[in-house]
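*Asks:* just coords:
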């Protein structure tokens, strides 16, 4: 989850909030790829989740990365809560999952190198202290009380609020993991087309990356339990944001959505001030109960934008949020999927032609069906398996057209990063199906086998 943002000085008029988003517009040659992925840490001998502090802990992993691999530390309230290096950062999810927020990079070749280097560094430290990391969409066995809340002020406030809205907020915070990619846009019109495609096709990403069929040691009846969790969390800030498809949608409409979303906090002098449920509109008028008489800055606005959690969202870029955390190959496949769809205009147009006739009910039904059935989902006459085959083919064509070489020119483009998805389309099987096959097969119902067989 996001760290405090740097947005700018005082907000003196409404247009500044719109312009903040518009300032994300970049020429195509400046478009970059930012990949984020989360993974669960655990003690190898007990399979229990890592505490924050101690010999085998999140703090020990962060300290090792800092001391051994040249990361700079980030502290809050005296606690080591993150790391920074070369435009990337390592941060903690609320329940202790470790996240790499990658640097903005030009190609997926670079992204995959970054992922590989990070996982190798983490494994080096983890192996020495008897710790493992695993990429899944949901914690397979652990209960709520086993997952310690990390010592970050933002999480303490969110945890309290999540207990009052929806029923799955605290599950999301502690016991789910994702892989995401952040992509750029060139103009408001480009943002609109990309965001519409992103929202409409998140269910396809959910199906292809579904990797959480277990929860609290049991089968949960879903291919993506993580996606199920997000459907009952906080309706004010999650979901498929149907207004994105309304005529006239643009930056200003997103600002209105954000202004209508209740606040979490205001960040001042290293402290998170409780503004739970308060209105940013009141803040603009100097009437925020948490800070009476004070008006917001663009940094406050940037922070508030990070508290919106729809299936895709805009800040100064578009963030794709529909996929489960997973194995190494799919950490590279997720950016390949979305870059292929969004960074070539012919591919983007083809993707839009595919989805532009869907209504709100169809998009939401696809979201639900993807979480339950993965590629076996059906909504009306839409077969998810067929849809995924077509979407992956469009992404493949987009990557071919991008023609970004790697390996010193030996690899002509980025299409091979889609191989894991092409295999799923060919077989009809996604990671959750493989896990279920193992559970009912050679594991003989012993879920503890997942750690040795699927950790990084």
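*Replies:* Good, I have the coordinates. The model shown is predicted, which means the values in this text are computed figures rather than measured ones. Numbering: from 1, shown residues only.
*Asks:* quick one: the helices in the stretch 51-200 of the chain?
*Replies:* Assignment of helices within the stretch 51-200 of the chain using DSSP state H, counting those that start in this stretch yields the ranges 58-69, 108-129, 153-162, 169-175, 188-208.
*Asks:* and the strand or helix carrying residue 336, which residues are buried?
*Replies:* Under DSSP states H and E, the secondary-structure element containing residue 336 is helix 328-342. Applying a neighbour-count criterion of 16 or more other Cβ atoms under 10 Å, one finds 330-342 buried in helix 328-342. (Each C-beta comes from the backbone N, C-alpha and C, glycine too.)
*Asks:* cool, stretch 169-181 as well?
*Replies:* Under 16+ other Cβ under 10 Å, the buried positions of stretch 169-181 are 169-181.
*Asks:* Pick out the most distant pair among these.
*Replies:* The span of the buried residues of stretch 169-181, defined through Cβ to Cβ, is set by 170 and 181 at 26.2 Å.
*Asks:* And the helices of the stretch 51-200 of the chain: which comes nearest residue 411?
*Replies:* Judged by Cβ to Cβ, the one of the helices of the stretch 51-200 of the chain that comes nearest to residue 411 is helix 108-129, at 7.2 Å.
*Asks:* which strands and helices sit next to that closest one?
*Replies:* strand 33-43, helix 58-69, strand 88-92, strand 98-101, strand 131-134, helix 328-342 (3 or more Cβ pairs under 8 Å, 6 or more residues apart in numbering; DSSP states H and E).
*Asks:* how does it look with 7 Å?
*Replies:* Contacts of helix 108-129 with other secondary structure elements, assessed using 3 or more Cβ pairs under 7 Å, 6 or more residues apart in numbering; DSSP states H and E, are made with strand 33-43, helix 58-69, strand 131-134, helix 328-342.
*Asks:* Could I get the buried residue list for that helix?
*Replies:* The neighbour-count criterion (16+ other Cβ under 10 Å) identifies 108-112, 114-115, 118-119, 121-122, 125-126, 129 as the buried residues of helix 108-129.
*Asks:* Repeat that for stretch 221-230.
*Replies:* 222, 223, 224, 225, 226, 227, 228, 229, 230.
*Asks:* other SSEs contacting the helix holding residue 336?
*Replies:* In terms of contacts (3+ Cβ pairs under 7 Å, 6+ apart), helix 328-342 is packed against strand 33-43, helix 108-129, strand 178-183, helix 188-208, helix 345-355, helix 384-402, helix 419-427.
*Asks:* Could you rerun that using 6 Å?
*Replies:* Counting contacts by 3 or more Cβ pairs under 6 Å, 6 or more residues apart in numbering; DSSP states H and E, the secondary-structure elements packed against helix 328-342 are strand 33-43, helix 108-129, strand 178-183, helix 345-355, helix 384-402, helix 419-427.
*Asks:* That helix vs strand 33-43, what angle?
*Replies:* 160 degrees (axes from the mean of the first three to the mean of the last three Cα atoms, to 10 degrees).
*Asks:* average pLDDT for helix 328-342?
*Replies:* Per-residue confidence for helix 328-342 averages out to 97 on the pLDDT scale.
*Asks:* what angle do it and helix 345-355 make?
*Replies:* Between the axes of helix 328-342 and helix 345-355, defined by the same axes, to 10 degrees, the angle is 90 degrees.
*Asks:* orientation of helix 328-342 relative to helix 108-129 in degrees?
*Replies:* Using the same axes, to 10 degrees, the inter-axis angle of helix 328-342 relative to helix 108-129 is 160 degrees.
*Asks:* Now tell me what touches helix 328-342 from outside.
*Replies:* Surrounding helix 328-342, the residues in contact under the criterion Cβ atoms under 6 Å, 6 or more residues apart in numbering are 33, 35, 37, 108, 111-112, 115, 179, 181, 183, 194, 209, 320, 323, 347-348, 351, 395, 398-399, 414, 417-418, 420-421.
*Asks:* now these: which count as buried?
*Replies:* Neighbour counting with 16+ other Cβ under 10 Å marks 33, 35, 37, 108, 111-112, 115, 179, 181, 183, 194, 209, 320, 323, 347-348, 351, 395, 398-399, 414, 417-418, 420-421 as buried within the contacts of helix 328-342.
*Asks:* hang on, the earlier thing: so which of the buried residues of helix 328-342 comes closest to residue 46?
*Replies:* Proximity of the buried residues of helix 328-342 to residue 46, judged by Cβ to Cβ, is greatest for residue 331, which lies at 26.3 Å.
*Asks:* contacting residues around residue 241?
*Replies:* Contact criterion Cβ under 6 Å, 6+ apart gives residue 310 as the residues in contact with residue 241.
*Asks:* swap the cut-off to 8 Å and go again
*Replies:* Neighbour list for residue 241: 199, 257, 310, 311, 312 [criterion: Cβ atoms under 8 Å, 6 or more residues apart in numbering].
*Asks:* neighbours around the closest residue to the fourth one other than its chain neighbours, how many?
*Replies:* Put plainly, it is residue 311. Nearest in space to residue 311, with sequence neighbours left out and distances taken as Cβ to Cβ, 6 or more residues apart in numbering, is residue 202 at 4.2 Å. Applying other Cβ atoms under 10 Å, we find 24 other residues in the vicinity of residue 202.
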